[in-house]
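J.: this one's sequence-less:
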C-alpha cells in the first residue's frame, strides 16, 4: 500500500475570488521513500503541504488524496496529525505563555489518546524530551521558553525537528526546513530527519536549495511549476537544477 | 471566512458540558419569608444572636439603603432585582451548631464532596511537596456549616472563623476594623449588605505570624429565591502574612440570583494579605436565562507602612459581574496588586476592574487584567489609578489585554487616571487581539482538537495572572477556563 497517493489534485484559496493554486497535481510516496519538491516561488509548494496537513484556507475542487489507503481529505487537521502526519512549518508561529515542553506534552497526549493509549506520565515525558533535545543540541532552557517566542530562524527549525522526533510521524512534510539555516543547523536538522526515517515512513521535503539534499538523500526529486509536477527524477535532478536553473523547464 | 463558520457549526453541534455544579441539593432548610423590611433585619440579627451594637449598625445601614438609588452607570444591561421578592435568610436545619465536622449533617458534607471541596482535614496535599495545607470554612446559603483546622490555627494565634462567631467572641477586634474599609454608605449594594449580611469569614493574624495554612472559604448558594450577602473581614497585624482563597458556585436556576458581598482587608505595618478568588457562579444558560448577579464590593486598606495587598481573581461565572477589588495605599512604601482573568461566554456580561488609590509616599501598584470574551458576551475593564498630592514617588504599571473569540463578542477598556503628584510614574499598556488562525492551525497540526487548542492558547494568554494563584487553585482554574470556553471556538 502506498503511504501517500495524490491524484489530479486541484485546489484554490477559499475566498470569493480565490485563485486556483494546485492544478492537477499527482504524487505517490511509498513507505520508506524520501521525496523532494523544488520549484520557483509562488508555484504552490507550501500550499501543497498545508493542504495535506488540513488547512481550511483552501478548497479542494477536484481530485483525491489517500493516506494509507484512507481518504485523507475527509479528516480534520488534528486527526491527520494523530494518525501520523507532521508538518514542519516554514515560519513557525509564536504561542506566548505556553512553555515548549508543556505544548509538546499536550500534543503527545492528544496522539496517545487518539490511538487509545494511556497518556504519558509527566516525569517520563520530561526524560524523553530531554533525551531527544540533547541529540538536537537544544538546551533545557529553550524547552522552558514559550513556543517559538524569541527564537531565531534556526532555533525555530530545530524546534520543529524536535517536535517531529517526539511525535514520531509516519509522513513528515518539511516546508523549506532549510531556509535560514547555517551549515551546522542544517546538519542537525538533517540528522534529526535521518534518525526518524525508516522503511515504514515517508518524507516530503520542500526545498529551494540542493545542499539540504547532500545530507538527506532523496529517492525522488520533483520539479513543481504552475501548480503541478512537471518532471521527476532522482537526486541528480537537483544538481542539474542548481546548475541550469528553472529556465530549462520553461519558467 | 466560510471555513471558520463551518467550525462554529461543528462546535455548536457538540454537546456542551453542563455547568457541573448546577445540581440542587435537597436539604431541609429554614428560610425567612420573602421581602425586606426592618423586621427582617431584626430577625436576621436575632437569629445570629448578635449584640446590640451590631443590630444598630444594620438598622442604620437599612435606613441609608432605602434612601439610595440603584446605580446605573455600568455597561451591562440586566433585569433589575426586585428586592421585595427575595428571602434574606436561609440555612440548612441543624439542631445545634456542630462542634466538629463529625456532627455536621452528612447530606451537607455530601454536597461539598460533590463539589470537590475537602472538608475532612488533610495533613498533606497529596503528592505536593512543600504546599501548605488548607483550612476551609464552608458557607452554605446563609450560614457557615463548618470550619476545619480551627485548633491548629488557634495554636499559632490565628483566628479563622465565621464572622457571625467573631462578632460574639471577639467584639473588640471586630468593632475596631469592621466597616473601616468600606464605610456604611459607600454604595447601594454594600449598604444593602451591611443591613442583611448573614455570614462570611473573619480572619485575624497576630503580629509577626506567617499563617501556617492557606485559609479558604467556599460559598455555596443552594436555596432558591434567596440573596446571598456574605461579609468577610481579614486583618493582618504588623509583620504578618496570610494567603486566603475564596471559591463559589451555585445551582442552575431559571431566575437570577443576587450575590452582593462585601470584603474588607486591613494590612498593618509590614504585613501582607494575598486574596485569591475563583468565581464560578452559575452563569445562565446559552440563551442568557438565569444566572447569578455578582455585585461585590472588595477593598483592601494598606494601612501600615510597607504593607502589601494583592487581589488575584479568575472570574468565569455569573450572568453579570460587577466588582472592583481595590487597594487604598495609605502606608508609605505600600504595594497594591490586582491580577485578573475574566472570561465571559454565551450571554454573560462583566464590568470589572480595580481602583488603586495612592496616598502615602513611594507607593506602588500593579494591575494585570486579562479579559477573554467569547460567544455573545460583553466585557468591560474599568480601572482607576488615583495619585493624590501626598503620594510623591508613586508608581503604577497597568496592563489590560483583551482576547476576543469569535465575531459576536465585545471587549471595552475604560481606564481612569487621576494624577495630582508631580513625582509619580504611570505606565499603561493595553492590547486587543483575536486568536490567530495560524496559532490554531499550529496547534491542530500537532494533534490537538480545536477546543483543546483554544484552551491552551487562552491559558498562555492568562499565564501572568494564573501564576499568581496558589497552586491548588491554579489547577482548578485552568480546568475551569477550558470548561467555560466550551462551544466558543470560531
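T.: Thanks, I have the structure now. It should be emphasised that the depicted structure is a prediction, and the values quoted were computed from it without experimental measurement.
J.: Please make it C-alpha for all contacts and neighbour counts, starting now.
T.: OK.
J.: Any idea how many residues pack against the nearest residue to residue B:179 once chain neighbours are set aside?
T.: Closest residue to residue B:179 apart from its sequence neighbours, by Cα to Cα, 6 or more residues apart in numbering or on different chains: residue B:264 at 7.5 Å. By the measure other Cα atoms under 10 Å in any protein chain shown, the count of residues near residue B:264 is 23.
J.: do residue A:182 as well
T.: Residue A:182 has 10 nearby residues by other Cα under 10 Å.
J.: same check, this time on the one 3 residues further on
T.: Residue A:185 has 18 neighbouring residues, counting by other Cα under 10 Å.
J.: In contact with residue 44: list those residues for me.
T.: Assuming you mean chain A. Neighbour list for residue A:44: A:21, A:22, A:224, A:225, A:226, A:227 [criterion: Cα atoms under 8 Å, 6 or more residues apart in numbering or on different chains].
J.: that's the other chain; I wanted chain B
T.: B:89, B:196, B:198.
J.: Kindly recompute the last result at 10 Å.
T.: Each residue near residue B:44 by Cα atoms under 10 Å, 6 or more residues apart in numbering or on different chains is listed here: B:32, B:38, B:50, B:55, B:58, B:88-90, B:142, B:195-198.
J.: Surely residue B:331 forms part of a strand?
T.: No - assignment of residue B:331 by DSSP: H, G, I helix; E, B strand; the rest coil gives coil, placing it outside any strand.
J.: now it, nearest residue through space, not along the chain?
T.: Per Cα to Cα, 6+ apart, closest to residue B:331 is residue B:305, 4.0 Å.
J.: What number of residues are in the vicinity of the one you found?
T.: Neighbour tally, residue B:305, other Cα under 10 Å: 22.
J.: what ranges do the helices span in the stretch 151-251 of chain A?
T.: A:153-167, A:183-196, A:212-215, A:236-244 (DSSP state H, counting those that start in this stretch).
J.: Now look at the worst-scoring helix or strand of chain A on mean pLDDT and say if it contacts chain B.
T.: Here the helix or strand of chain A ranked lowest by mean pLDDT, DSSP states H and E is helix A:183-196, holding a mean of 83. No - applying Cα under 10 Å from any Cα of the partner chain, one finds helix A:183-196 out of contact with chain B, separated by at least 16.9 Å.
J.: Report the buried residues of that helix.
T.: The neighbour-count check on helix A:183-196 (16 or more other Cα atoms under 10 Å in any protein chain shown) flags A:185, A:186, A:187, A:188, A:189, A:190, A:191, A:192, A:193, A:196 as buried.
J.: would TSV of those residues with distance to residue B:386 be doable?
T.: What follows is the buried residues of helix A:183-196, written out as TSV (distance: Cα to Cα, whole Å):
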residue	distance to residue B:386
A:185	53
A:186	55
A:187	58
A:188	55
A:189	55
A:190	58
A:191	59
A:192	57
A:193	58
A:196	60
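J.: a helix runs through residue A:113, doesn't it?
T.: Yes - the assignment for residue A:113 by three-state DSSP puts it in a helix.
J.: Count the neighbours of it for me.
T.: By the measure other Cα under 10 Å, the count of residues near residue A:113 is 13.
J.: My guess is it contacts residue B:449. True?
T.: No - if you go by Cα atoms under 10 Å, residue A:113 and residue B:449 don't touch, sitting 11.6 Å apart.
J.: list residues touching both of those two?
T.: Common neighbours of residue A:113 and residue B:449, using Cα under 10 Å, 6+ apart, are residue A:82.
J.: and the residue nearest to residue B:179, what does it touch?
T.: Here residue B:264 is in contact with B:177-182, B:202, B:231-235, B:297-301, B:325-326 (Cα under 10 Å, 6+ apart).
J.: Strands of chain A, residue ranges please.
T.: A:4-13, A:20-29, A:34-38, A:58-67, A:70-71, A:85-88, A:95-99, A:146-147, A:171-175, A:202-206, A:220-225, A:228-233 (DSSP state E).
J.: Tell me who's in contact with the closest residue to chain A within the stretch 251-400 of chain B.
T.: Going by Cα to the nearest Cα, chain A is nearest to residue B:370 of the stretch 251-400 of chain B, at 12.7 Å. By Cα under 10 Å, 6+ apart, residue B:370 lies in contact with B:314, B:339-343, B:381, B:399-403, B:430-432, B:458, B:461-465.
J.: Residue A:167 and residue A:128 touch, don't they?
T.: No - taking Cα under 10 Å as the definition, residue A:167 is not a contact partner of residue A:128, at 11.2 Å.
J.: Compare these two (neighbour count), which wins?
T.: residue A:167 (23 against 12).
J.: Once you drop chain neighbours, what's closest to the more buried one?
T.: residue A:108 (6.1 Å).
J.: Correct me if wrong: that neighbour contacts residue A:128.
T.: No - between residue A:108 and residue A:128 there is no contact under Cα under 10 Å: 11.3 Å.
J.: Overlap of the contact sets of those two?
T.: Counting by Cα under 10 Å, 6+ apart, the residues touching both residue A:108 and residue A:128 are residue A:166.
J.: Show me what residue 233 is bridged to.
T.: Just going to use chain A. residue A:221 (DSSP bridges).
J.: switch to chain B, that's the one I care about
T.: residue B:202, residue B:264.
J.: what's it in contact with, if anything?
T.: Neighbours of residue B:233 in contact, by Cα under 10 Å, 6+ apart: B:162-163, B:166, B:174, B:177-179, B:181, B:200-204, B:262-266, B:300.
J.: Residue B:44 versus that one, what's the distance?
T.: 19 Å (Cα to Cα, to the nearest Å).
J.: Distance from the chain centre to stretch A:135-150, please.
T.: 20 Å (Cα atoms, centre = their mean, to the nearest Å).
J.: Next, the distance between the ends of that stretch.
T.: The first and final residues of stretch A:135-150 sit 22 Å from each other (Cα to Cα).
J.: Over to stretch B:463-482?
T.: 14 Å.
J.: Likewise for stretch B:400-417?
T.: Stretch B:400-417 has its terminal residues 14 Å apart, counting by Cα to Cα.
J.: Any residue of it touching chain A?
T.: No - Stretch B:400-417 is not in contact with chain A by Cα under 10 Å from any Cα; minimum separation 13.0 Å.
J.: returning to that earlier point: show me what the residue of the stretch 251-400 of chain B closest to chain A is bridged to.
T.: On the basis of DSSP bridges, residue B:370 is bridged to residue B:341, residue B:401.
J.: Just the pLDDT for it.
T.: Here, the pLDDT recorded for residue B:370 equals 93.
J.: Isn't residue A:189 up against residue A:179?
T.: No - assessed by Cα under 10 Å, residue A:189 is found out of contact with residue A:179, at 11.5 Å.
J.: if I look at the two, which residues touch both of them?
T.: Going by Cα under 10 Å, 6+ apart, residues that sit against residue A:189 and also against residue A:179 are A:154, A:157, A:212.
J.: burial measure for the nearest residue to the first one once chain neighbours are set aside, as a count.
T.: Spelled out, that is residue A:154. Distance criterion Cα to Cα, 6+ apart; nearest residue to residue A:154, sequence neighbours excluded, is residue A:181 at 5.2 Å. Neighbour count of residue A:181, defined by other Cα under 10 Å: 20.
J.: same thing with residue A:139?
T.: The tally of other residues near residue A:139 (other Cα under 10 Å) stands at 11.
J.: is it true that it touches residue A:158?
T.: No - using Cα under 10 Å, residue A:139 makes no contact with residue A:158, being 11.1 Å away.
J.: tell me, what's touching those two both at once?
T.: Common neighbours of residue A:139 and residue A:158, counting by Cα under 10 Å, 6+ apart, are residue A:133.
J.: Endpoints of stretch B:142-161, how far apart?
T.: Start and end residues of stretch B:142-161 are separated by 14 Å (Cα to Cα).
J.: now the most centrally placed residue in chain A, which residues is it bridged with?
T.: Ranked by distance to the mean C-alpha position of chain A (Cα atoms, centre = their mean), the top residue is residue A:173 at 2.0 Å. Going by DSSP bridges, residue A:173 is paired in beta bridges with residue A:87, residue A:204.
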